[in-house]
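In: sequence first, predicted model second:
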Amino acid sequence: MIKLIDKELAILEEIKLKWINKIGNTPLDEEKVRAGVEWLYNASGLETPTVLFAKSPKQAIKMANDVCHTTDKHYSFAAYGGIYDYSWLAFYDFFDTVRAEFDNHSYLKYKEFIEAGVFHTIQLATHCIVVGHPTKINITKGFRLHNELPAPALVWPDGTAQYFVNDLHIPAKYIESPETLTVEAIQRESNQEVRRIMIERFGVSKYLIAIQAKLLDVDIKRAARALIEDDKKCKWLVCSDGSTRRTYHLFVGKERVNTCKEAHELLCRFSEDLVKVEG
């Protein structure tokens, strides 16, 4: 097994941070992008396409619909030709930096294209639609797209916002227009986490009442609390704060709990028996 020496490990860390810091901080160089698109298409045996620039993924999809004379069709962003390439480009960037011997002409051409500020592309036969970097991007230490709702994780130059919770995309309409949510729309959602957020935006109490949720348990621990099960077998612990008089709806999920005490201990990760109530 070949092991990296300390100098190489330091270079590896530098390159990792270099590529991470490019995200959301790389201006779009339209001239270099056009040259890169021409090279990429020609190298693939295709004619040079018309290059269009969009200020957000949403605008890019609209442009694709206009070009293809379609209506509200979803066009996928290319797996190669954007932000998804950062991982393998960084990998080869390390070897290029430490002067490993490999034929890197095509790599350097492609790297120059991506470093010109390409974030997404929709690659069509006659057109290539390019999206530059967002103006704002929020990433966790684990490199997941995330922001506390209702704040967006991504904001694009045209003002379009995108919402993510631990890399899970939440449709903007659920955040920006919660008044349009319906019980039926919530019930149709198959992703449990997205559904939880939809219920919270709709109003947990309002939703549980509307579906006639099942009451599993009620007890009093300084204040009354209840364990309720919704129509998808997900449980909610409804409790209150005596000092603020606020009511909280805590999502328990499909865990095997049947009492308020079990639900509370699951969420808190300690036994209620260890808590001494004074006064």
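Out: Thanks, I have the structure now.

In: list the contacts for Asn138?
Out: Going by Cβ atoms under 8 Å, 6 or more residues apart in numbering, Asn138 touches Leu145, His146, Asn147, Ala151, Pro152, Ala153, Leu154. All C-beta spots, glycine's among them, are computed from the backbone N, C-alpha and C.

In: who wins for most neighbours among these?
Out: Ala153 (25 neighbours; other Cβ atoms under 10 Å).

In: find the pair from the contacts of Asn138 with maximum spatial separation.
Out: Across the contacts of Asn138, no pair lies farther apart than Leu145 and Ala151, at 12.1 Å, counting by Cβ to Cβ.

In: so Val183 sits right up against Lys206, yeah?
Out: No - at 9.1 Å, Val183 does not count as touching Lys206 under the criterion of Cβ atoms under 8 Å.

In: coming back round to it: in strands, which of the contacts of Asn138 appear?
Out: Within these, residues falling in strands by DSSP state E are Leu154.

In: now the contacts of Asn138 in CSV, with distance to Leu168?
Out: Shown next, in CSV, are those (distance: Cβ to Cβ, whole Å):
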residue, distance to Leu168
Leu145, 9
His146, 9
Asn147, 12
Ala151, 15
Pro152, 14
Ala153, 10
Leu154, 13
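
In: go through the contacts of Asn138 and name the one nearest Asp29.
Out: Set against Asp29, the nearest of the contacts of Asn138 by Cβ to Cβ is Leu154 (21.2 Å).

In: okay, and the beta partners of the closest one?
Out: Leu154 has these beta-bridge partners by DSSP bridges: Ile137, Gln162.

In: let me see the contact set for Asn166.
Out: For Asn166, the contact set (Cβ under 8 Å, 6+ apart) comprises Thr140, Arg144, His146.

In: rerun that using 10 Å as the cut-off
Out: Counting by Cβ atoms under 10 Å, 6 or more residues apart in numbering, Asn166 makes contact with Thr140, Gly142, Arg144, Leu145, His146, Ala153, Glu193.

In: give me the neighbour count for the first one.
Out: Right, the one you point to is Thr140. 13.

In: that older thread, where is pLDDT lowest across the contacts of Asn166?
Out: Within the contacts of Asn166, Gly142 has the lowest pLDDT, namely 81.

In: spell out the secondary structure type for Ser240.
Out: Following DSSP: H, G, I helix; E, B strand; the rest coil, the label given to Ser240 is strand.

In: and the contacts of Asn166, which two are furthest apart?
Out: Gly142 and Glu193 (16.6 Å).

In: more neighbours: the two, which one.
Out: Neighbour tally, Gly142 and Glu193, criterion other Cβ under 10 Å: the higher count belongs to Glu193, 14 against 8.

In: residues in contact with the closest residue to that one other than its chain neighbours?
Out: Ranked by Cβ to Cβ, 6 or more residues apart in numbering and with sequence neighbours excluded, the top spatial neighbour of Glu193 is Leu168, at 5.7 Å. Listed by Cβ under 10 Å, 6+ apart, the contact set of Leu168 reads Arg144, Leu145, His146, Asn191, Glu193, Val194, Ile197.

In: backbone dihedrals for the third one, please?
Out: So that's His146. With angles defined as degrees, to the nearest 10, His146 sits at phi -160, psi 140.

In: where do the strands sit along the chain?
Out: With DSSP E as the criterion, the chain has strands at 50-54, 120-123, 127-131, 136-137, 154-155, 161-165, 168-170, 214-221, 223-229, 235-241, 246-253.

In: pipe the ones you listed into TSV and attach distance to Lys261 per row.
Out: As requested, those are exported to TSV (distance: least, Cβ to Cβ, whole Å):
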stretch	distance to Lys261
strand 50-54	54
strand 120-123	49
strand 127-131	51
strand 136-137	42
strand 154-155	41
strand 161-165	29
strand 168-170	30
strand 214-221	7
strand 223-229	9
strand 235-241	10
strand 246-253	12
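
In: wait, what's in contact with the closest residue to Lys214 other than its chain neighbours?
Out: Counting by Cβ to Cβ, 6+ apart, the nearest residue to Lys214 once its immediate chain neighbours are dropped is Glu229, at 4.5 Å. By Cβ under 10 Å, 6+ apart, Glu229 lies in contact with Leu208, Ala213, Lys214, Leu215, Leu216, Asp217, Lys235, Trp236, Val252, Lys254, Asn258.

In: and which of the residues you listed is nearest Asp85?
Out: Lys254 (37.8 Å).

In: quick one: residues contacting that closest one.
Out: Lys254 sits in contact with Gln192, Glu229, Lys232, Lys233, Cys234, Lys235, where contact means Cβ under 10 Å, 6+ apart.
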